[in-house]
Structures are given as structure tokens and as C-alpha cells.
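Enquirer: just coords:
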């Protein structure tokens, strides 16, 4: 900071991408991450992965269905969402995203339905809550591997496109040096995947406790944390050395701020703690799961809300305080509420313990 | 000097014969002064020949914020939002007995020739008119605020009354009627000069040519090709200003 200049009068611009956007990027990231985690057990039938992959697919569904609602709510004209389809603009990543989301969600819904049909039929037979609906949804309850693989492929393509566009959309914004780095999409991806593992660990805690699955997930989580730290170190090295001007600019923008130094220290500490616990105490499933989820959310909050606190022309930083209404806290609470509703609804049809049981007695289901 | 005579002076200072654009301005003057019910002049933008631009002579700006206020009045900008503002800085002086001086910098949409806000718009709601003005189609805008993020000059915002992207339009509605933008009309120091960059006889082109060696734009390294030019722009203020943050914040309305 140059103490010779004091800004006495200027405009403080408000954040224009609200906490809804943080929720969207968090949930859609968890969804595609969890989808990837669903593949080894469900599509590739890797031994010991069935339960993990079913729990992950449940997470992908719940998060994937809640995410677009948050995205719509972040539009200041949500009723005009159809304009995205009427006025396609190929120069805009956001415009492409409007087409990628349905590809992903369409593929995911088909894949999840095909994967869970036998379970739905089982639930219908057991006569539990919403058994009638489960019976209708099961539609015979047959397993069709060919269709399942085709749907998984479609969802995979969609997931890759969603991961690409959500990263690129932010990374191309030259006006915000903090966002404008080629590493940002990779950082979004790694934290999203780690968060998805965290979510599966959380689900596993509330199903029948499967120690083997927990340890396997702890291993995957530890690896993701190593990747997150490596990319973070690369980001810092590129910024400090000046090898990459965009990274140097990003670092210069936030480096002098005490708030940002605290955020960075917090992020590194949380990642190291998750890594150490996952590695040395792989049995601490719930704790490392929550830590990973927290890191994924915090990363997005810092990038989006923190990034918008950096004035583009003015001196210093804007200060953000979370409003309590729909443009702030209620956006976060509302999205969480929708998530809980979807979770309760889906786990009524597909009880958690039955999904998680795949690891122990039905590895080849 | 009142604003009308200022405009007249500016128009009269050009050499004859007057260009169509200046004739338009001249014709528009009585509308401002006497509010006479003149028939609207033909839409000068429709020819596509004009390229509107602004020159800001920072040396003449006194930081009175008359432009800020007139813009709010003219465009019904909601409380707490601004399409233009005069950023004001207290700068320590080393070569004077005075401890500090004031530096003022009028800011507005730069109507870039290579505008970063346009390609990001997912519904093509923001566009460049034939006359160079960067505009937002309010009927199409979805309020996603991607353009707000992409603008390197913090010139855009979400208008909480319309829930759409908002920004300076160079007062396109006035320009189309042959009038000057409100901020130019109101500027007491004559610091803002507006006109057609393609009219070699016009005052803007003449002043731009005269000032060529000291002409600057904001953030030239981004290659946005701004159509707002500055005379007397201090190097320390062309990008994000390195200094202590603002001491005053406007009260913003709670979001609708």
C-alpha cells in the first residue's frame, strides 16, 4: 500500500455474484466429484467399492438437483432463464454452461435411475415408506448393464463439460486477476472431488459403519489433499518467482491483505490437517469428511465473495458483510434446506443403510 | 458561465462549415435551455458514421460531482449506485509547502472499442451500437452479472430497481436527440468534451489531436481500446490505485 495516497471519495461496488453463486459452484462441484466416485463401484465393479459408489451417487443426485436452483436464484431475472436457450452466445462460457448442465443432469438422472432400479424394486417389495412410488419408479426393477454404461458415459461427458465450463467461466475474467489464472479450474476440480469424498464419508457415518470403505475413502482423500497442496504450492511459486505474470498479479492483488493472509493460512492448515488425519488416522471418517467439505466451500467463498471485495480501480478493499435476506444468509440456508429435503426424499426411497450395504454382502450387485 | 453558453462556446469554437453532428448539437441546445418542444432530430446514430467518444481534461476538473448528480437525475440511477463518479484522492506532496493535494479522476463506462463485457454476456444482451456506444438491451438481460465481473473499470452494476445490468450509456437517449450527455452539459469546469471521433472538424477530434502527446486511457495494458480519453492522467491512477482505501461509502438500498 502506498501511504502517500488516500482515497477520500469513490464508489464501493457491491458483490454481484451473491452467496447463491457460491452455493451453486459448491454443489455442482460436489455433484460431479461424487459422480466420478460412483464409477469404480457401479460401472467398473471394482471390489470393495460398491457401497462407496452408491453413497457417492446418492450425493451426486442430491447436490446435482439442488445446484441449478441456486444458479437460477443468483440470476437477478430468474424468470428469463429461457433466454439462455433462445439467445445462444458462443463467445460466453456461461452460455455454453446452460447447455452443459442439462447434458450432465440428464445423463446423471438416467444413470442413477438405471443403477438404483433394483434397489427401488427391493424397497417397493419391503413395503416401507413411499413403497408405492418406489415401485412405479423401479418400473420392473431390471438391471440393464448396457444402458447403464451408456448413461454413465453421457453423464461423464456432461460432468467433464461442467467441470470445464465452471472453471473456465471464472478463469477468463481478466478484470479480476485473482480469478484470471490457468490453475483456477484445476483447483476447483481438486477441491470439488475432495469435498465429494468428504460427502461420501459423511453418508457412510450415518449408514452401517463400514470400516474398510472408510479407510479406502481416507486414502483417496489423502491423495486429493496432496494434489491440492501441490497445486497451491505451484500457484504460489509461479506468483512469487514472477515466471507467470498472471499469477504474480493475482498474488499481488491479495498478498498485502491481512484478511487474505488469514484465509490462505486457514486453507493450508485445513488441508494439511485433513491430509495428516486421513493418512495417520484413516478411521476418523466423519472429521476428515467434514473438513474436506468445509475446505471446498471455503475455497469458493473466498474466491467469489473475497474476489469481489477487490476493487478493480479503487484503492484498498471493499468490505462485505453478509446480508440476512435472500441475497445473503437466506440464500445459503435456503439451498441447504432444499438439499436436506432432497436428501430425505431420496433416502426414503433408497434407504442409506441399504445403499451402503453393498460393500459387505453384495459387492457384485 | 452557465451550462448552455458553455455548450454554445464549445460548438462555436469549431471552424465552419459545421458538421451534421455539431448542427445536431446546436439544434439541441434550445431544448435544454428553453425546454422548447422541438421535433426530435433524426437519429444521428443510424448513419453509422459517428463514433462517440469523450475526452476528460483532469486539469479542469474541480471534483464538484455535478456530473455525478446530473447523471443520477437524468438516468434515475438508484440510491447507492453510480454510472459516473469523480474519484477523489488526497495525495502527499513532496515538492510543495502544502502537505497534501487533491487529485480527482472522473470515471464512467469507457465504451471500449474492444469491450470485455460483450463476449461474456450469455444472451447477447450487451452490444456495441454502430456509433460506438456500448449498450444493454434491458428486455433481454437476465441479470447474471457476468458483464459486471468482466468490466475492468468497475463501471457496471446491477440496478436493484430493474434487476438488470446497468452502466453509463453516454446518455444515448440524449445523444440520439442531438443533445450532449448530462455529465458534459453540467460540468462546470468544462472538463468533459464529448463528440464524434470521426469528425476531423469537430472539437473532440481537434482537442484529441492537440493533446496527443499527453493523451492517456485507463488500464491500457488490457488493450480494451477505451473511447474515454484523459489529459492530465497521473500514472499512479491509470490502474488499480495503490493507496489507502476509501474513507466514505455510499449508503446502498437493501436489495429488492
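Expert: Great, that's in hand. Worth saying up front: this structure is predicted, and the values here are computed from it rather than measured.
Enquirer: all contacts plus neighbour counts: C-alpha atoms, from now on.
Expert: Will do.
Enquirer: residues touching the closest residue to residue B:164 other than its chain neighbours, list them.
Expert: Excluding its sequence neighbours, the residue lying closest to residue B:164 (C-alpha to C-alpha, 6 or more residues apart in numbering or on different chains) is residue B:143, at 4.6 Å. By C-alpha atoms under 8 Å, 6 or more residues apart in numbering or on different chains, the contact list for residue B:143 reads A:75, A:76, A:77, B:158, B:163, B:164, B:165.
Enquirer: in a strand, the last one, correct?
Expert: Pointing back at residue B:165 there. Yes. Using DSSP: H, G, I helix; E, B strand; the rest coil, the assignment for residue B:165 is a strand.
Enquirer: chain A versus the residue nearest to the spatial centre of chain B, what's the distance?
Expert: Residue closest to the mean C-alpha point of chain B, counted by C-alpha atoms, centre = their mean, is residue B:108 at 4.9 Å. Going from residue B:108 to chain A by C-alpha to the nearest C-alpha, to the nearest Å gives 11 Å.
Enquirer: does that residue touch residue B:85 like I think?
Expert: Yes. With contact defined as C-alpha atoms under 8 Å, residue B:108 counts as touching residue B:85 (6.9 Å).
Enquirer: who touches the residue nearest to residue B:58 when sequence neighbours are not counted in this structure?
Expert: Excluding its sequence neighbours, the residue lying closest to residue B:58 (C-alpha to C-alpha, 6+ apart) is residue B:232, at 5.3 Å. By C-alpha under 8 Å, 6+ apart, the contact list for residue B:232 reads B:57, B:58, B:59, B:214, B:215, B:216.
Enquirer: bridged to the nearest residue to the last one once chain neighbours are set aside, which residues?
Expert: Meaning residue B:216. Closest residue to residue B:216 apart from its sequence neighbours, by C-alpha to C-alpha, 6+ apart: residue B:230 at 5.1 Å. On the basis of DSSP bridges, residue B:230 is bridged to residue B:56, residue B:216.
Enquirer: residue B:230: neighbouring residues, count only.
Expert: A total of 25 residues lie near residue B:230 under the criterion other C-alpha atoms under 10 Å in any protein chain shown.
Enquirer: just checking, it touches residue B:58?
Expert: Yes. Contact criterion C-alpha under 8 Å: residue B:230 and residue B:58 qualify, at 6.7 Å.
Enquirer: and the stretch 251-365 of chain A, which residues reach chain B?
Expert: By C-alpha under 8 Å from any C-alpha of the partner chain, the residues of the stretch 251-365 of chain A that approach chain B are A:311, A:312, A:313, A:314, A:315, A:316, A:317, A:327.
Enquirer: can you pick the most crowded of the residues you listed?
Expert: Within these, most neighbours by other C-alpha under 10 Å means residue A:314, with 28 neighbours.
Enquirer: quick check, nearest of the contacts of residue B:143 to residue A:97?
Expert: Of all those, residue A:97 sits closest to residue A:75, with 14.0 Å by C-alpha to C-alpha.
Enquirer: nearest spatial neighbour of the closest one, chain-adjacent residues omitted?
Expert: Among residues not flanking residue A:75 along the chain, residue B:144 sits closest, at 4.7 Å (C-alpha to C-alpha, 6+ apart).
Enquirer: same deal with residue B:194?
Expert: Residue nearest to residue B:194 in three dimensions, not counting chain neighbours: residue B:54, with 4.5 Å by C-alpha to C-alpha, 6+ apart.
Enquirer: how many residues are close by that neighbour?
Expert: Look at residue B:54: counted by other C-alpha under 10 Å, it has 24 neighbours.
Enquirer: try residue B:79
Expert: Residue B:79: 14 neighbours (other C-alpha under 10 Å).
Enquirer: and if you look at residue B:96?
Expert: For residue B:96, the neighbour count with other C-alpha under 10 Å is 9.
Enquirer: likewise for residue A:4?
Expert: Residues contacting residue A:4 under the criterion other C-alpha under 10 Å number 15.
Enquirer: can you name the residues that contact it?
Expert: Shown in contact with residue A:4 (C-alpha under 8 Å, 6+ apart): B:91, B:92, B:243.
Enquirer: can you narrow those residues to ones near chain A?
Expert: The residues of the contacts of residue A:4 that also fall near chain A, by C-alpha under 8 Å from any C-alpha, are B:91, B:92, B:243.
Enquirer: look up how far residue A:34 lies from the residue lying closest to the second one once chain neighbours are set aside.
Expert: When you say that, I think you mean residue B:92. Closest residue to residue B:92 apart from its sequence neighbours, by C-alpha to C-alpha, 6+ apart: residue B:100 at 4.2 Å. From residue B:100 over to residue A:34 the distance is 58 Å, taken as C-alpha to C-alpha, to the nearest Å.
Enquirer: around residue B:201, how many other residues sit close by?
Expert: By other C-alpha under 10 Å, the residues close to residue B:201 number 17.
Enquirer: same deal with residue B:220?
Expert: As a burial measure, residue B:220 scores 12 neighbours (other C-alpha under 10 Å).
Enquirer: and the helices in the chain?
Expert: Just so you know, I chose chain A. Here chain A has its helices, by DSSP state H, at A:19-42, A:50-74, A:83-86, A:93-126, A:131-138, A:145-171, A:184-206, A:211-241, A:245-254, A:258-280, A:285-301, A:307, A:329-349, A:352-356.
Enquirer: hm, I was asking about chain B
Expert: In chain B, the helices defined using DSSP H lie at B:3-12, B:20-34, B:66-75, B:117-120, B:146-150, B:172-176, B:182-186, B:203-210.
Enquirer: tell me the mean pLDDT for the first one?
Expert: Within the predicted structure, the mean pLDDT of helix B:3-12 is 39.
Enquirer: please apply the same query to stretch A:260-270.
Expert: 95.
Enquirer: show me what counts as buried in that stretch.
Expert: Residues of stretch A:260-270 classed as buried: A:263, A:264, A:267, A:268, A:270 (neighbour count, 16 or more other C-alpha atoms under 10 Å in any protein chain shown).
Enquirer: for the third one, what are its contacts?
Expert: Okay, so that is residue A:267. Per C-alpha under 8 Å, 6+ apart, neighbours of residue A:267: A:295, A:298, A:299.
Enquirer: do you know how far the second one is from chain B?
Expert: When distance is defined by C-alpha to the nearest C-alpha, residue A:298 is 20 Å away from chain B.
Enquirer: which residue sits closest to that residue, ignoring its sequence neighbours?
Expert: Distances taken as C-alpha to C-alpha, 6+ apart place residue A:267 nearest to residue A:298, at 7.8 Å, with adjacent residues excluded.
Enquirer: and the gap between that neighbour and residue A:210?
Expert: Counting by C-alpha to C-alpha - residue A:267 and residue A:210 are separated by 29 Å.
Enquirer: equivalent analysis for residue A:53, please.
Expert: Distance check for residue A:53 against residue A:210: by C-alpha to C-alpha, it reads 13 Å.
Enquirer: who's more crowded, those two?
Expert: Between residue A:53 and residue A:210, residue A:53 has the larger neighbour count (other C-alpha under 10 Å), namely 29 against 17.
Enquirer: hmm, that one is touching residue A:43, no?
Expert: No. Applying C-alpha under 8 Å, one finds residue A:53 not in contact with residue A:43, separated by 9.2 Å.
Enquirer: picking up where we left off before, make CSV out of the buried residues of stretch A:260-270 and add distance to residue A:332.
Expert: Output for the buried residues of stretch A:260-270, formatted as CSV (distance: C-alpha to C-alpha, whole Å):
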residue, distance to residue A:332
A:263, 20
A:264, 23
A:267, 21
A:268, 24
A:270, 22
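Enquirer: any idea which of those residues is closest to residue A:124?
Expert: Nearest member of the buried residues of stretch A:260-270 to residue A:124, counting by C-alpha to C-alpha, is residue A:270, at 42.9 Å.
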